[in-house]
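Asks: After the sequence you'll find the predicted model.
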Amino acid sequence: MRFTGESTKSTARRRRPVRAGARWDSARLLVAAVLTAVCAAGQGTGSAAAGTAGAGPTAPPVPAARPSSPGTASPAPGTPPRPAPALPAQEPAVPAVPMQKPAVPAQKPAAPAAPAQEPAAQASADCRRIKCVALTFDDGPGRYTGTLLRHLAAYRARATFYVVGRNVAENPGVVRRAVEAGHEIGNHTWSHHDLTRLPAAAIRADLARTDRAVERAAGVTPETVRPPYGAHNTAVRRQTKRPVVLWSVDTEDWRHRDSSAVARRAIKGAAPGAVILFHDIHPTTVKAIPKVLKSLSARGYRFVTVSELFGGKPPRLAYGGRRDAPGSRR
């Protein structure tokens, strides 16, 4: 039994419980070890921070990138910035303002020259005091009338055109240009019939039809009448209801198709207050006009319309030119 007691006592000695104070000492040692390790780590971090501070300021923390707009990729760090996208087509960019205003030209450009068929404006002539002559052209407008207008414009000459109505209907533009150039339009009937052989109603209808054609072409109404062939009588004058104008110089261009002969007759017959008869349907007549204009201009003549020749109011019947013009042939 002693042996047994010895064993029991030995076993009891080995299983003796540890004191409470000893347990707390072990815990304190563990905590102290942990704290020591933490402090050591803190000192290392502080040293590293101190080293970094000595080298220079630290970069601020990069904020979290915002989500890119749909369809647009965010550029990688360190890459150069991309150019701004172009504005939408419906919003054009405002043009840049120039740094300085353009220099003012030294002088204004010259006004465009007037068309060849339009003579420069001239004051109305007093044909009681100056030498005037009225150039008149029958039977047009025709294919040569445009050229005639250019010849007249070159000398700033005005003329009177006694037009045939049916020709006006075929060439309205020529009549319009003549009026725009300052020329006068007279009535030479619609079909160039001898009015003395027509009844009163036919005379009125013929003249009225021509008036309408001129009005449509140029917006004016003829104020004078020249009967075809110069044929007239009391019945004709009564139906016209406006001045009947004949001529004082007949160039006979309808007979002599020679430009030199036509020019010679016109120049020889000219006198202050004269009314000179031409026909612009003949090319030889149109060819003669520059020579007539040059010669009479050199002699001091002013080229006027029939109405201007008579001071704006031709007589009821003008057999020729103005009789009271200075130096006129009586």
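Replies: Thanks, I have the structure now. Note that the structure is a prediction, hence the values are computed from the model and not measured. Numbering: from 1, shown residues only.
Asks: Show me where the stretch 51-200 of the chain has its strands.
Replies: For the stretch 51-200 of the chain, the strands defined by DSSP state E, counting those that start in this stretch cover 132-138, 160-163, 184-187.
Asks: right, I mislabeled it, should have said the stretch 201-330 of the chain
Replies: Using DSSP E, counting those that start in this stretch, the strands of the stretch 201-330 of the chain run over 244-245, 249-250, 274-279, 302-304, 317-318.
Asks: pLDDT below threshold where in the protein?
Replies: In the predicted model of the chain, residues 1-123, 319, 321-330 satisfy pLDDT under 70.
Asks: so how many other residues sit close to residue 221?
Replies: Residues lying near residue 221 (other Cβ atoms under 10 Å) number 12. Using the backbone N, CA and C atoms, a C-beta is placed for each residue, glycine as well.
Asks: That one contacts residue 214, doesn't it?
Replies: Yes - Residue 221 is within contact range of residue 214, at 6.7 Å (criterion: Cβ atoms under 8 Å).
Asks: about what we covered before: can you tell me which of the strands of the stretch 201-330 of the chain is nearest to residue 257?
Replies: Of all these, strand 274-279 sits nearest to residue 257, with 10.5 Å by Cβ to Cβ.
Asks: which strands and helices sit next to the closest one?
Replies: strand 132-138, strand 249-250, helix 259-269, helix 283-298 (3 or more Cβ pairs under 8 Å, 6 or more residues apart in numbering; DSSP states H and E).
Asks: picking up where we left off before, output the strands of the stretch 51-200 of the chain as a markdown table; include the columns distance to residue 196.
Replies: Formatted as a markdown table, these follow (distance: least, Cβ to Cβ, whole Å):
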| stretch | distance to residue 196 |
| --- | --- |
| strand 132-138 | 17 |
| strand 160-163 | 17 |
| strand 184-187 | 16 |
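Asks: Please identify which of these is closest to residue 243.
Replies: Nearest of these to residue 243, taken as Cβ to Cβ: strand 184-187 at 9.3 Å.
Asks: Touching that closest one from outside, list them.
Replies: Residues outside strand 184-187 that contact it (Cβ atoms under 8 Å, 6 or more residues apart in numbering) are 136, 158-163, 165, 175, 178-179, 207, 210-211, 214, 218, 220, 222-226, 242, 245, 305-308.
Asks: Show me what counts as buried in stretch 156-174.
Replies: 157-165, 167-169, 171-172, 174 (16 or more other Cβ atoms under 10 Å).
Asks: Using CSV, list the CA coordinates for it.
Replies: Only the C-alpha atoms of stretch 156-174 are listed here, as CSV (Å, rounded to 0.1, in the frame of the first residue of the first chain):
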residue,chain,number,x,y,z
ARG,A,156,-25.3,112.2,-127.7
ALA,A,157,-27.9,112.8,-130.4
ARG,A,158,-31.6,112.4,-129.9
ALA,A,159,-33.9,111.5,-132.8
THR,A,160,-37.5,110.6,-133.6
PHE,A,161,-38.6,107.2,-134.8
TYR,A,162,-41.8,107.0,-136.8
VAL,A,163,-42.5,103.3,-136.3
VAL,A,164,-44.7,100.8,-138.2
GLY,A,165,-46.9,98.9,-135.7
ARG,A,166,-46.3,95.4,-137.1
ASN,A,167,-42.6,96.0,-136.9
VAL,A,168,-42.9,97.1,-133.3
ALA,A,169,-44.7,93.9,-132.5
GLU,A,170,-41.8,91.9,-133.9
ASN,A,171,-39.1,94.0,-132.3
PRO,A,172,-40.4,95.4,-129.0
GLY,A,173,-37.0,95.4,-127.3
VAL,A,174,-35.5,97.8,-129.8
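Asks: Save the strands of the stretch 201-330 of the chain as JSON lines, and put in mean neighbour count and distance to residue 233 too.
Replies: Formatted as JSON lines, the strands of the stretch 201-330 of the chain follow (neighbours: other Cβ atoms under 10 Å; distance: least, Cβ to Cβ, whole Å):
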{"stretch": "strand 244-245", "mean neighbour count": "24", "distance to residue 233": "10"}
{"stretch": "strand 249-250", "mean neighbour count": "20", "distance to residue 233": "20"}
{"stretch": "strand 274-279", "mean neighbour count": "24", "distance to residue 233": "20"}
{"stretch": "strand 302-304", "mean neighbour count": "23", "distance to residue 233": "29"}
{"stretch": "strand 317-318", "mean neighbour count": "17", "distance to residue 233": "11"}
